[in-house]
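[1] got a predicted model here, sequence first, then my questions.
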Amino acid sequence: MPSSNNKLVVDLFSSSHPIWRTLLEKPPDDVKYIERRGYAGKAYLLLSGLARVKNLIHFCNGAKLAYGRRWVADMESVMVFFKNYESMYDSDAVAAAQKRLETGECKYILPLTNAARKTLERFLKIDWPIEVVYPTFYSRSKISYDRYRNVVVFVGGSWRNMSFEAKGGREVAEAWFRIYRSFPSFRMVMLSSPPPQLGKKLQEAGVKVGYMPRDRILSEVYPRARVIILPSMMDTVGYSVIEAMNYGVVPIVSDHFAMPELVGDAGIVVKAPAKLWNDNGTPNLGFMDQIKTGPFEEFIEKIVDALTRLLDVEDYWRGYSEKALLRMHSPPFNIDYRNRILRKIYESAVES
């Protein structure tokens with residue numbers, strides 16, 4: 001077993017997204033990650049294959065061509081193997097994706113969710129062990145909570161590429177317009193880029209609009225937040241929901257992809273009027289055309305109903321908040337459990 005000071009050495013082809021930064025910030029016990037990125041990482045991958053380097057590779061959110069290497073890979077969905085959704089139905093593109101899996105020695109496929117696993121098994125032939133390893137959260141700073149939690153938060157998306165609309169931003173904004181006067185002690189923070197006219201209207205209603213650094217979101221927004229609304233029709237993970245739940249923030253999410261799987265009984269799930277991913281694990285190629293027909297009135301009404309109950313009834317909110325904390329601090333979502341599972345996977349991969 002390749003080791004350094006009795007640690008299992010793993011070449012980590014990482015990502016800057018917080019999902020994967022947790023591997024470096026809080027690695028499994030007795031695992032030493034060597035981060036490989038950029039052009040240097042590509043060169044190392046090629047040369048190390050020729051030299052038959054024995055370290056295990058962990059690819060984050062996809063897999064590269066790893067000739068002569070043993071590797072595991074995690075991913076949000078099968079889409080990481082394709083240029084676009086249309087190419088998923090192209091036989092040559094599918095063959096190229098399959099070849100990538102068959103290069104070197106694939107030891108484990110690690111989808112982030114069961115919804116992701118469904119997409120992999122739908123489009124590719126998976127002849128290797130496959131195990132869901134859920135995304136988790138880690139902060140070097142102690143998590144604090146304000147006693148008075150009066151913030152409703154929406155995170156993500158820009159009108160320029162319609163991701164604001166695809167994440168349910170229009171419906172969230174309209175829901176807030178309908179109820180905010182009934183809850184004068186609460187305020188909304190919309191960490192996104194809505195269309196200019198809508199952004200102006202939101203600001204006139206007292207909504208804080210725009211982005212802020214992640215460290216400020218963790219230290220200033222989530223500790224004061226009561227509810228996070230992400231009724232996304234496009235997200236595969238929605239990591240901001242996982243982050244917020246670690247602070248006891250109650251989520252309102254859609255039933256798209258893995259959202260119900262991640263939230264469980266610790267939040268409110270509303271039915272989405274359109275979905276980027278169909279429930280059978282295939283992409284909806286008409287999704288953007290459907291989004292253009294919004295906002296969707298029934299969707300707005302469901303958000304209004306869920307948000308009103310969470311703001312109006314303290315015990316109702318607190319019950320969900322306690323469930324959110326318990327869910328994120330328990331297997332399979334807490335980081336210690338994630339690390340134990342990864343350690344076992346690595347050991348099995350290098351010994352087989």
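    Ah, there it is. Source: prediction; values computed, not measured. Residues are numbered from 1 along each chain as shown.
[2] now do the residue nearest the centre of the chain against Gly156, distance only.
    With distances taken as C-alpha atoms, centre = their mean, Val237 lies nearest the centre of the chain, 2.9 Å away. Distance from Val237 to Gly156, counting by C-beta to C-beta, to the nearest Å: 11 Å. Backbone N, C-alpha and C define where each C-beta goes, glycine included.
[3] coming back round to it: the residue nearest to the centre of the chain reaches Thr113, doesn't it?
    Yes - contact status for Val237 versus Thr113: in contact at 7.0 Å, counting by C-beta atoms under 8 Å.
[4] what is in contact with these two at once?
    Shared contacts of Val237 and Thr113 (C-beta atoms under 8 Å, 6 or more residues apart in numbering): Glu76, Ala258, Leu262.
[5] which of those residues count as buried?
    Buried subset of the shared contacts of Val237 and Thr113 (neighbour count, 16 or more other C-beta atoms under 10 Å): Glu76, Ala258, Leu262.
[6] in this structure Ile143 contacts Asn246, no?
    Yes - counting by C-beta under 8 Å, Ile143 does reach Asn246; the two are 6.5 Å apart.
[7] thinking again about what came up before, quick one: which of the shared contacts of Val237 and Thr113 is nearest Asp127?
    Within the shared contacts of Val237 and Thr113, proximity to Asp127 (C-beta to C-beta) peaks at Glu76, which comes in at 21.3 Å.
[8] mind listing the strands for the stretch 51-200 of the chain?
    Per DSSP state E, counting those that start in this stretch, the stretch 51-200 of the chain carries strands over the ranges 56-59, 70-75, 105-111, 151-158, 187-193.
[9] CA-only coordinates of the last one in CSV, if you can.
    So that's strand 187-193. Extracted in CSV, the C-alpha atoms of strand 187-193 (Å, rounded to 0.1, in the frame of the first residue of the first chain):
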residue,chain,number,x,y,z
ARG,A,187,-36.2,40.4,5.9
MET,A,188,-35.1,38.6,2.7
VAL,A,189,-31.6,38.2,1.4
MET,A,190,-31.4,37.2,-2.3
LEU,A,191,-27.9,36.2,-3.1
SER,A,192,-28.3,36.2,-6.8
SER,A,193,-28.6,38.3,-9.9
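[10] distance between it and the chain's centre?
    19 Å (C-alpha atoms, centre = their mean, to the nearest Å).
[11] partners of that strand in the sheet?
    Using DSSP bridges, the strands paired with strand 187-193 are strand 151-158 (parallel), strand 208-209 (parallel).
[12] show me where the stretch 251-352 of the chain has its helices.
    259-263, 287-291, 297-312, 314-328, 335-351 (DSSP state H, counting those that start in this stretch).
[13] again with the stretch 101-250 of the chain
    Under DSSP H, counting those that start in this stretch, the stretch 101-250 of the chain gives helices at 114-123, 163-166, 169-179, 196-204, 214-216, 239-245.
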